[in-house]
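In: Below is the sequence, then the predicted model.
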2 protein chains.
Amino acid sequence: MKAKTTWAGHKMKFQSESRGHISWMDSQAPFGEDTAATPKEYVLQGLCGCTGMDVVALLRKYKQDFSGVSVEATTDLTKEAHPHIFTDIHLVYEIQGNSVDHEKAKEAVYLSKTKFCGVSAILSKSSKITYEIRLNDEVIERHVD
Amino acid sequence: MKAKTTWAGHKMKFQSESRGHISWMDSQAPFGEDTAATPKEYVLQGLCGCTGMDVVALLRKYKQDFSGVSVEATTDLTKEAHPHIFTDIHLVYEIQGNSVDHEKAKEAVYLSKTKFCGVSAILSKSSKITYEIRLNDEVIERHVD
């Protein structure tokens, strides 16, 4: 697996690439011009995408009729000394679907967190990852401790 | 800091967002259609971007006249059991610039790795990160142990 970022020659703008797929990174003011997400935001997006894909795959395996899945991560950066790393990370899973079983939704998220999601496993070495699950806008599980 | 990924409703395509900056994620076949980088590739891009921005900032601080900086990461995934995480990660820094001092280039990379780069600090909890530095296509430093 490879990734490459190349400075665009101006302030803090970088082009980012894996297997020909291009995206952009930038820093916020005053160092950058905020034209794209930051490197740390991409890491956090990678966490959301990794566990989100697990949940989609598991809900399919469980033959659940779902129409939507999203994962939102909220965290902060440590401020005291360098390097600045993520503090606790809180994930909110939102699942939509009229006939999705509560227990199957909980099991999908639990198995992603504890077994399948490599990015969760990596980030949990330095951050506590808590989560809640909303099914059709109702909170069906909350792990914040 | 926030990130959100939302399933696009088809196979493994997800829209990814931070502060209004949108990108896409996908999985490779057979689960996805490989229309975009994968979540783990974004994590690796985040590593390259984070340390690349440090190097640009430090070379500027050292008043070096550089014209190019890129960082390429190569890794693999563990294969035996879930979760699949990164094995060792090797970074290649390429710096271009006719009057860049070798020692300043080495110091910029070293300080990013050991002090400033939060993504390096996070990923190094589960992967050994090695690196080499190329200045105008000549290898000036190599740390592979």
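Out: Sure thing, it's come through. Since we're looking at a predicted model, the values are computed, not measured. Numbers count the residues shown, from 1 in each chain, chains lettered A, B, ... in the order given.

In: And what about the residue positioned nearest the centre of chain A, helix, strand or coil?
Out: Central residue of chain A (C-alpha atoms, centre = their mean): residue A:48, 1.9 Å from the mean position. Three-state call for residue A:48 (DSSP: H, G, I helix; E, B strand; the rest coil): helix.

In: Make sure it is actually in contact with residue A:73.
Out: Yes. Taking contacts as C-beta atoms under 8 Å, residue A:48 lies within contact range of residue A:73: 5.2 Å. Backbone N, C-alpha and C define where each C-beta goes, glycine included.

In: Centre of the chain to stretch A:116-125, how far?
Out: Centroid displacement of stretch A:116-125 relative to its chain, using C-alpha atoms, centre = their mean, to the nearest Å, is 10 Å.

In: mind listing the helices for chain A?
Out: A:39-61, A:102-111, A:118-123 (DSSP state H).

In: So for the second one, mean pLDDT?
Out: Regarding helix A:102-111, the rounded mean pLDDT is 98.

In: can you tell if that helix touches chain B?
Out: No. Using C-beta under 8 Å from any C-beta of the partner chain, helix A:102-111 stays clear of chain B, with a minimum separation of 9.2 Å.

In: and that helix, what does it pack onto?
Out: For helix A:102-111, the packing partners by 3 or more C-beta pairs under 8 Å, 6 or more residues apart in numbering or on different chains; DSSP states H and E come out as helix A:39-61, strand A:89-96, strand A:129-135, strand A:138-143.

In: Now the longest one: buried residues?
Out: In terms of neighbour count (16 or more other C-beta atoms under 10 Å in any protein chain shown), helix A:39-61 has its buried residues at A:39-59.

In: likewise the last one?
Out: Within strand A:138-143, the residues scored as buried using 16+ other C-beta under 10 Å are A:140-141.

In: Report the inter-axis angle for the lowest-mean-pLDDT helix or strand in chain A versus strand A:129-135.
Out: Every helix and strand of chain A was ranked by mean pLDDT, DSSP states H and E. The lowest is strand A:138-143, at a mean of 95. Inter-element angle recorded for strand A:138-143 and strand A:129-135: 160 degrees (by axes from the mean of the first three to the mean of the last three C-alpha atoms, to 10 degrees).

In: which other helices and strands contact strand A:138-143?
Out: Contacts defined by 3+ C-beta pairs under 8 Å, 6+ apart place strand A:138-143 against helix A:102-111, strand A:129-135.

In: would you turn those into JSON lines with mean neighbour count?
Out: Below are the helices and strands packed on strand A:138-143 laid out as JSON lines (neighbours: other C-beta atoms under 10 Å in any protein chain shown):
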{"stretch": "helix A:102-111", "mean neighbour count": "18"}
{"stretch": "strand A:129-135", "mean neighbour count": "19"}
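
In: Residue A:23 is nearest to which of these?
Out: Taking C-beta to C-beta, strand A:129-135 is the member of the helices and strands packed on strand A:138-143 nearest to residue A:23, at 24.3 Å.

In: got the angle for that closest one vs strand A:89-96?
Out: Orientation of strand A:129-135 against strand A:89-96 (the same axes, to 10 degrees) gives an angle of 20 degrees.

In: mind checking how far strand A:129-135 is from the chain centre?
Out: Using C-alpha atoms, centre = their mean, the offset of strand A:129-135 from its chain centre is 12 Å.

In: Which strands or helices does that strand pack on?
Out: strand A:89-96, helix A:102-111, strand A:138-143.

In: Quick one, which of the helices and strands packed on helix A:102-111 gets closest to residue A:10.
Out: Distance to residue A:10, taken as C-beta to C-beta, is lowest for helix A:39-61 among the helices and strands packed on helix A:102-111, at 16.7 Å.
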